[in-house]
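Participant: Kindly return the folded structure for what I paste below:
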Amino acid sequence: MSDIFKRPKLSKHLLFIYMVAIILLGFLWYFEWILGSIMTVLLAVSFYYTVQVERKLTDETEQYISTLSYRVKKVGEEALLEMPIGIVLFSEDYNVEWTNQYMNQFAEEDTIVGQSLNIISEELIPMIRENNDEFRIVLGEYEFQAMIRKEERLIYLFDRTEQGELETLYKNDKTVLFIIFLDNYDEITQNMDDTLKSQLNSEVTSFLNQWSHDNGLYLKRTSQDRFLAVGTREILDQLERTKFDILDEMHELNSELDIPITLSIGVGVGDSPLPELGVLAQSSLDLALGRGGDQVAIKDDSGKVRFYGGKSNPMEKRTRVRARVISHALKDLVKASDRVIIMGHQAPDMDSIGSAIGILNIAQTNGVDGYIVFDPDDVSTGVHRLVDAIKTESSIWQHFIDPEAAEDLITGRSLIVVVDTHKPTMVVSKRLLSKTEYKVVIDHHRRAEEFIENPTLVYMEPYASSTAELVTELLEYQPKGQKLKMLEATALLAGIIVDTKSFTLRTGSRTFDAASYLRAKGADTVLVQQFLKEDLDLYIKRSKLIEKTQLYRHSIAISKADPGDICSPVLIAQTADTLLTMTGISASFVIAERSDGKVGISARSLGEINVQIIMEKMDGGGHLTNAATQIEGKTIEEAELLLKEILDEYYEGRETE
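Facilitator: Here you go, the predicted model:
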């Protein structure tokens with residue numbers, strides 16, 4: 001009995017019952033001791049039996065808990081060591097201290113303990129240092145989700161290979177819309193007879209149907225010059241790997257038909273609904289056409305754009321209808337405004353200043369005050385002679401104002417005309433763009449991803465030699481009230497001559513028409529030559545840069561200035577132009593430090609190499625044969641290495657086509 005009371009296992013409700021029974025038993029002993037004796041014996045037997053049952057249940061419970069604890073411990077050990085989850089403990093200096101057995105299959109040696117985390121993946125240490133708690137890494141054929149517990153210096157690796165495959169399958173099956181446009185179809189077919197036009201339509205349709213069939217696209221012709229194609233992301237990736245060789249195949253078809261027609265393709269891709277994909281595709285096509293056509297623009301729902309093609313010079317339009325329509329629309333906008341504010345780009349050149357003066361004449365012709373935003377502290381040596389000549393002509397110079405004065409003059413009814421650029425980051429004063437809703441963009445550069453928001457009127461013609469050429473054509477359709485002054489005509493002609501390198505590059509029949517019109521209005525070619533004269537010191541500096549030229553890939557000239565040798569943008573550009581005149585040079589790149597601390601690169605080519613695409617990959621832009629960029633945070637040597645990597649990628653893509 002003593003052992004029983006040493007282990008009181010009875011529950012509280014049983015103890016309460018026995019206490020009540022003992023109290024009742026006391027009363028029974030008092031009134032009937034014989035019956036009380038009998039009941040005492042029965043109570044003692046009942047109590048003993050109850051204690052034995054409770055003890056048995058307690059022992060069984062303890063045995064069950066002990067067994068369960070062992071099983072849980074064993075399962076924990078097996079989970080730690082055997083389950084397909086990688087577990088890695090690492091030291092403060094990022095060396096492996098312990099791994100479970102699962103990680104051994106990814107090690108070439110017997111053990112990776114004591115070695116750097118780089119033996120698992122070179123991504124681990126940088127991610128840990130950047131305090132990334134979760135990211136994906138690839139080990140061999142497997143993809144893992146790494147979860148970092150930096151305080152415990154612990155890494156969990158969860159196999160996400162199948163999940164990654166499903167995500168890839170889902171991504172590849174996303175719908176992609178293609179809008180295919182036949183460049184210059186209307187101009188080419190307007191004088192064709194029905195037989196030739198039918199043959200052209202048949203050949204082009206057959207060609208595109210075969211291309212769509214080979215690549216798994218659904219193709220539907222929606223108009224004479226437009227097709228709609230539907231595909232998947234996987235098909236788009238396949239076309240990108242070929243760099244859209246359909247553009248080159250179209251050139252071969254042109255040779256067979258002897259018809260200079262090219263393709264432009266706008267692609268909309270992303271997770272957006274179909275209507276938004278359609279908007280993206282149309283926006284991409286507009287961008288491709290704004291850059292001169294014969295290329296592919298791909299835009300996703302994040303706004304990022306990729307370009308392919310653009311290897312041929314844009315074809316000159318054969319009609320002036322668009323120039324006349326734009327001129328009349330500009331006249332209406334000018335008349336509806338209280339004043340016209342004209343802006344070119346920073347560090348203005350002859351084309352920027354000349355075209356701005358032309359727009360000033362248009363404003364005055366329509367009886368509206370015009371002002372040219374001009375920063376006197378941002379004038380390069382290449383245009384100072386033109387600026388000096390303008391200062392002597394008070395009727396023109398009085399309309400040149402600085403950005404601060406322009407902010408005081410501009411109102412909500414004012415019209416801003418941006419010439420020779422379409423990038424808001426390149427205008428003389430970006431703040432002016434937000435002062436009014438009425439904005440006009442006139443530019444001859446190929447359209448870039450960055451563009452002035454919500455312009456009222458856009459006149460961009462990449463086929464044109466210069467913005468001065470475009471403005472001259474607009475002048476021809478304006479009222480005859482304001483006569484073009486000699487200096488105004490000379491400034492416009494200087495812009496054309498500079499941008500065409502004296503009518504040798506990017507020159508079409510319309511260029512000569514514009515020059516002829518300006519000459520008839522009194523443009524002085526001798527004065528232009530005086531504007532274009534250069535300083536002896538500048539000539540010597542250019543010669544020293546040319547002396548440092550090295551050939552890359554046999555025909556690409558790359559010249560770089562010495563570190564610390566500051567060169568003006570004009571000097572860099574002129575050096576690139578001069579290199580292009582040398583025998584055996586198909587493209588030239590000049591790299592030098594600028595006064596603003598950036599590294600400037602000017603690129604030129606004869607058309608075989610699209611320097612615009614190369615400069616765009618370095619956050620620059622321009623034309624197929626004339627482009628540039630400015631790089632921050634890199635040395636001249638780093639900029640050269642980056643340029644060579646992009647050139648290698650460009651040539652490898654062409655060699656695989």
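Participant: tell me the contacts of residue 453?
Facilitator: With contact taken as CB atoms under 8 Å, 6 or more residues apart in numbering, residue 453 is in contact with 424, 433. C-beta here means a position set from N, CA and C on the backbone, and glycine is covered the same way.
Participant: Check the gap between it and residue 418 for me.
Facilitator: Applying CB to CB, to the nearest Å, the value for residue 453 to residue 418 is 12 Å.
Participant: Identify the contacts common to those two.
Facilitator: The contact sets of residue 453 and residue 418 overlap at residue 433 (CB under 8 Å, 6+ apart).
Participant: so what's residue 355 up against?
Facilitator: By CB under 8 Å, 6+ apart, the neighbours of residue 355 are 344, 419, 420, 442, 466, 467, 468, 470, 471, 492, 495.
Participant: let's see 6 Å
Facilitator: 419, 420, 467, 468, 471, 495 (CB atoms under 6 Å, 6 or more residues apart in numbering).
Participant: pLDDT added to these, as TSV?
Facilitator: TSV is the format used below for the contacts of residue 355 (pLDDT from 0 to 100):
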residue	pLDDT
419	95
420	92
467	93
468	94
471	95
495	92
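Participant: got a winner among the residues you listed for most neighbours?
Facilitator: For the contacts of residue 355, counting by other CB atoms under 10 Å, the largest number of neighbours falls to residue 468: 35 neighbours.
Participant: need the contact list for the nearest residue to that one once chain neighbours are set aside.
Facilitator: In this structure, residue 468 finds its nearest non-sequential neighbour in residue 495, 3.2 Å apart by CB to CB, 6 or more residues apart in numbering. Residues in contact with residue 495 (CB under 6 Å, 6+ apart) are 350, 351, 354, 355, 466, 468.
Participant: ok, residues contacting the helix or strand harbouring the last one?
Facilitator: It stands for residue 468. For residue 468, the host element (DSSP states H and E) is helix 467-476. If you take CB under 6 Å, 6+ apart as the criterion, helix 467-476 is touched by 323, 327, 351, 354-355, 358, 419-420, 442-444, 461, 464, 492, 495-496, 511, 514, 517-518.
Participant: Likewise for stretch 282-298?
Facilitator: For stretch 282-298, the external contacting residues (CB under 6 Å, 6+ apart) are 179, 181, 183, 244, 262, 264-267, 299, 305-310, 312, 314, 446-447, 460, 462.
Participant: still on that earlier bit, the residue nearest to residue 468 should be in a helix, yeah?
Facilitator: Yes - secondary structure of residue 495 (DSSP: H, G, I helix; E, B strand; the rest coil): part of a helix.
Participant: List just the nearest of the contacts of residue 495 to residue 386.
Facilitator: Residue 386 has its nearest neighbour among the contacts of residue 495 in residue 350, at 6.4 Å by CB to CB.
Participant: That closest one contacts residue 494, correct?
Facilitator: Yes - under the criterion of CB atoms under 6 Å, residue 350 makes contact with residue 494 at 4.6 Å.
Participant: Please report phi then psi for the spatially most central residue of the chain.
Facilitator: Nearest to the mean C-alpha position of the chain, counting by CA atoms, centre = their mean, stands residue 304 at 3.9 Å. Main-chain torsions, residue 304, degrees, to the nearest 10: phi -70, psi 140.
Participant: separation between it and residue 202?
Facilitator: Taking CB to CB, one finds residue 304 at 37 Å from residue 202.
Participant: The host helix or strand of residue 163: which residues count as buried?
Facilitator: Taking DSSP H and E as the definition, one finds residue 163 inside helix 161-172. For helix 161-172, the neighbour count (16 or more other CB atoms under 10 Å) marks residue 164 as buried.
Participant: Beyond that helix, next helix or strand please.
Facilitator: Next in line after helix 161-172, if elements are assigned by DSSP H and E, sits strand 175-183.
Participant: That following strand - what's its average pLDDT?
Facilitator: Strand 175-183 shows a mean pLDDT of 92.
Participant: which of the residues in the next helix or strand after it are buried?
Facilitator: Downstream of strand 175-183, the first helix or strand assigned by DSSP H and E is helix 185-189. Going by neighbour count (16+ other CB under 10 Å), the buried part of helix 185-189 is 185, 188, 189.
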